[in-house]
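Asks: turn this into a model:
(one chain, ligands or ions: 1)
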Amino acid sequence: MKWSKFWLIVLAASLTGALAFAQALSPEQVEQGKQIYFQRCAGCHGVLRKGATGKNLEPDKLKKEGLSAEAIKAIITNGMGGMPAWGKLGILKPDEIDLMAKFLLSPVPEPPKWTFADVKKSWKVHIPVSQRPTKPETSRNWRNFFGIVLRDMGQVAIVDGDTKELVKILPTGYATHILRSSADGRYFYAIGRDGRAEAIDLWSKEPTLVAEAKVCLDARSIDTSKFKGYEGKYAVVGCYWPSNFVVLDGQTLEPLKMVSTQGYVQSKGEFLREDRVASIVSSHFSPEWILNIKEGGQTWLVNYSQMNLKGQPLTVKMIDTDRFLHDGGWALDKRYFLVAANAVKKIAVIDAKTGEFVASVPVGNKPHPGRGATWNHPKYGPVWATGHIKDNKIAVIGTDPQGHPQYAWKVVKMIETISPGNLFIKTHPNSPWLIADFTVAPTPKANATLCAWRKDDLDKPPVCWEVPGARKLKARMVHIEFNKGGSEFWVSAWANKDTPSFIAVYDAITLQEKTRITGDWVRTPTGKFNVYNTANDIY
Ligand code: DHE
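Replies: Numbering: from 1, shown residues only. Sure, this is the predicted structure:
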């Protein structure tokens with residue numbers, strides 16, 4: 001549908017439904033609305049509906065804009081910008097969309113509390129450290145395992161990257177979001193949107209869930225201590241709600257310390273109850289985690305070197321960076337960390353060695369790098385790149401102020417892509433290609449398409465291909481991950497929960513499809529994490 005036509009429908013719906021603003025909902029409907037809002041909307045729009053990646057959805061603001069229940073229904077059904085077409089994709093049914101339109105025009109319910117005592121109560125060690133293997137008991141090449149998020153199944157599948165065999169399916173938190181690895185790769189740490197953190201031991205005969213804790217009510221990020229001498233000692237979870245971070249013991253997940261991230265916009269503005277922790281990375285230069293505080297626009301350097309088992313003390317250096325920080329990754333040297341401030345169209349750069357905010361690089365509309373892609377370009381030297389949700393562009397940024405100062409912290413190349421709606425890009429030192437998906441593009445054809453650019457010749461037109469069979473399954477291709485050796489890359493076909501789909505495996509040199517991972521268990525596959533690449537930050 002063309003945007004102009006779309007807006008006519010929204011306008012018509014607004015006029016005809018102008019009287020149908022807030023309508024009383026039964027307590028059961030409010031509960032259902034809260035559930036759907038938490039599952040589908042809160043991530044982008046915030047639990048208090050004040051907006052971040054997505055727009056502000058407070059009822060007064062919606063009413064002021066003249067958006068009636070009918071107009072809101074049209075938007076939820078057809079999608080808008082980077083927002084999925086929840087109705088057209090069959091993810092929300094018409095009665096649920098109807099309910100959500102009324103729910104959004106009703107007062108914002110008070111979100112629940114979750115205290116440190118609740119976290120402690122939820123903590124379970126399934127296999128004590130003393131009963132875990134002291135060396136790998138599996139004969140498989142566990143360093144080339146892939147952990148695959150089966151999003152709506154609340155599961156993580158462990159697949160052998162050599163044989164492509166399913167090794168194990170583990171039940172994890174609701175809509176598990178990402179996996180991160182311990183420094184040695186032995187443990188996968190999973191975090192679910194329900195705030196449940198799990199540790200998965202890959203050294204057991206078969207991968208085993210060894211510990212878990214429900215750290216918060218809504219979370220997106222987890223990482224471990226990777227600095228020399230502290231490997232695997234601690235884990236940290238970044239919470240959306242309540243807005244805080246929690247340090248856990250890296251082996252048992254025992255909760256050690258909870259720190260609120262609520263505060264003032266860049267230390268001086270409005271007070272924010274919802275000031276969420278977005279991406280986290282573990283520094284290789286000091287015993288620190290880099291935490292990105294979304295709404296407040298700060299990057300926190302959390303030093304864990306003085307922590308003892310009683311959880312004291314922890315020092316935090318707060319740096320004002322850019323607002324609405326989201327996802328990001330290391331430059332090639334793993335000294336500079338680049339993070340998208342997606343609502344203000346910028347990439348903030350933090351120097352992990354000096355602990356300083358070094359640059360704010362203007363890019364396109366809604367940058368969304370995942371962890372980005374890094375490589376050594378023949379002219380620009382080491383570069384890092386990000387795609388965009390709302391622009392058909394990939395921004396390539398120079399990241400070598402010492403060797404290539406003329407290009408440092410500048411967009412050295414803005415690559416044209418086939419469509420907006422890119423979510424992830426990825427590469428590997430052994431592949432000549434930079435690969436991109438178009439997961440939230442406005443057309444099903446683009447959703448099913450992948451493109452590859454030559455990293456050494458960004459002016460060459462890309463090789464793009466529609467993945468056969470994806471459109472028939474109503475699947476969107478999402479998230480690229482290379483195997484340990486960088487000889488192939490895997491991409492998920494993300495269809496609905498009731499439709500088994502596939503993971504396509506491509507040759508990293510020829511771009512030819514090598515095989516497909518299929519099976520009844522392959523439902524809603526999204527993020528994939530190769531043990532070696534995740535432990536070593538290779539992307
Ligand atoms: Fe993600 C990374 C937040 C929706 C798949 N996502 C991240 C990170 C954040 C984030 C803060 C960085 C974590 C880190 O590095 O520590 N994601 C959010 C949201 O708030 C958002 C927009 C809305 C929501 O309701 O959750 C959201 N994310 C999604 C999805 O719908 C995706 C596509 C599918 C899914 O399984 O949920 C999705 N996000 C991912 C993946 C990564 C990620 C695969 C890690 C990329 C990587 O290569 O490291």
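Asks: tell me the helix or strand right after the helix or strand harbouring I280.
Replies: Assigned by DSSP states H and E, I280 belongs to strand 277-282. Using DSSP H and E, the helix or strand that follows strand 277-282 towards the C-terminus is strand 288-293.
Asks: for that next one, output the C-alpha coordinates as CSV.
Replies: Taking Å, rounded to 0.1, in the frame of the first residue of the first chain, the C-alpha atoms of strand 288-293 are listed here in CSV:
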residue,chain,number,x,y,z
GLU,A,288,34.5,-3.2,33.2
TRP,A,289,31.1,-3.6,31.5
ILE,A,290,29.8,-0.9,29.2
LEU,A,291,26.1,-0.5,29.8
ASN,A,292,24.0,1.7,27.6
ILE,A,293,21.2,3.5,29.4
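Asks: could you point out the helix or strand that follows it?
Replies: Per DSSP H and E, the helix or strand that comes after strand 288-293 is strand 298-303.
Asks: which neighbouring elements make contact with the very next helix or strand once past that next one?
Replies: Tracing the chain past strand 298-303, the next element assigned as helix or strand by DSSP H and E is strand 315-320. In terms of contacts (3 or more C-beta pairs under 8 Å, 6 or more residues apart in numbering; DSSP states H and E), strand 315-320 is packed against strand 298-303, strand 356-362. Just so you know, the C-beta spots here come from the backbone N, C-alpha and C atoms, and that holds for glycine as well.
Asks: what pairs with the longest one, parallel or antiparallel?
Replies: Think strand 356-362. strand 346-351 (antiparallel) (DSSP bridges).
Asks: now the partner strand: average pLDDT?
Replies: Average pLDDT, strand 346-351: 98.
Asks: with stretch 139-147 instead?
Replies: On average, stretch 139-147 scores 98.
Asks: equivalent analysis for stretch 522-530, please.
Replies: Stretch 522-530 comes out at a mean pLDDT of 98.
Asks: using CSV, write out every CA atom in it.
Replies: Coordinates of each C-alpha in stretch 522-530 appear next as CSV, following Å, rounded to 0.1, in the frame of the first residue of the first chain:
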residue,chain,number,x,y,z
VAL,A,522,12.4,-25.1,13.7
ARG,A,523,9.7,-22.7,14.7
THR,A,524,10.2,-18.9,15.0
PRO,A,525,14.0,-19.1,14.7
THR,A,526,15.5,-15.6,15.1
GLY,A,527,19.0,-14.9,16.6
LYS,A,528,21.8,-17.4,16.3
PHE,A,529,25.0,-17.3,18.2
ASN,A,530,28.1,-19.3,17.3
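Asks: chain center to that stretch, what's the gap?
Replies: Relative to the mean C-alpha coordinate of its chain, stretch 522-530 is positioned 13 Å out (C-alpha atoms, centre = their mean, to the nearest Å).
Asks: so F188: helix, strand or coil?
Replies: Following DSSP: H, G, I helix; E, B strand; the rest coil, the label given to F188 is strand.
Asks: not counting sequence-adjacent ones, nearest residue to it?
Replies: Distances taken as C-beta to C-beta, 6 or more residues apart in numbering place I200 nearest to F188, at 4.3 Å, with adjacent residues excluded.
Asks: beta-bridge partners for that neighbour, please?
Replies: Here I200, judged by DSSP bridges, has bridge partners F188, L209.
Asks: I'd guessed it sits against I191; true?
Replies: No. Contact between I200 and I191 fails when scored by C-beta atoms under 8 Å: they sit 11.9 Å apart.
Asks: look at the two and report which has more neighbours.
Replies: I191 (28 against 25; other C-beta atoms under 10 Å).
Asks: returning to that earlier point: got the helices and strands packed on strand 315-320 as CSV, with distance to the ligand and mean neighbour count columns?
Replies: What follows is the helices and strands packed on strand 315-320, written out as CSV (distance: least, C-beta to the nearest ligand atom, whole Å; neighbours: other C-beta atoms under 10 Å):
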stretch, distance to the ligand, mean neighbour count
strand 298-303, 13, 22
strand 356-362, 19, 16
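Asks: so what's the residue of the stretch 101-250 of the chain found nearest the ligand up against?
Replies: At 3.3 Å from the ligand, S221 is the closest residue in the stretch 101-250 of the chain, using C-beta to the nearest ligand atom. Applying C-beta atoms under 8 Å, 6 or more residues apart in numbering, we find S221 in contact with 177-178, 191, 237-238, 277-280.
Asks: any chance of those residues in CSV, plus pLDDT?
Replies: Shown next, in CSV, are the contacts of S221 (pLDDT from 0 to 100):
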residue, pLDDT
H177, 96
I178, 97
I191, 97
V237, 98
G238, 98
V277, 98
A278, 98
S279, 98
I280, 98
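Asks: would you say E70 is within a strand?
Replies: No. Read with three-state DSSP, E70 is helix and lies in no strand.
Asks: so it makes contact with D98?
Replies: No. Judged on C-beta under 8 Å, E70 makes no contact with D98 at a distance of 9.7 Å.
Asks: which one's more surrounded, the two?
Replies: Remark: of E70 and D98, E70 carries more neighbours, 19 against 16, as counted by other C-beta under 10 Å.
Asks: how many neighbours does I503 have?
Replies: Using other C-beta under 10 Å: I503 sits among 24 other residues.
Asks: from the ligand, how far off is I435?
Replies: Going from I435 to the ligand by C-beta to the nearest ligand atom, to the nearest Å gives 12 Å.
Asks: hang on, that residue in a helix?
Replies: No. Per three-state DSSP, I435 lies outside any helix segment and is strand.
Asks: neighbours of it, how many?
Replies: 25.
Asks: before we move on, what about Y240?
Replies: 25.
Asks: now do the buried residues in whichever strand or helix holds it.
Replies: Element membership of Y240, judged by DSSP H and E, is strand 234-241. Residues of strand 234-241 classed as buried: 234-241 (neighbour count, 16 or more other C-beta atoms under 10 Å).
Asks: can you check stretch 345-357 too?
Replies: Buried, per 16+ other C-beta under 10 Å, within stretch 345-357: 345-352, 355, 357.
Asks: can I assume P313 is in contact with M307?
Replies: Yes. If you go by C-beta under 8 Å, P313 and M307 touch, sitting 7.2 Å apart.
Asks: related to what we said a few turns ago, which pLDDT does the model give the residue nearest to F188?
Replies: 98.
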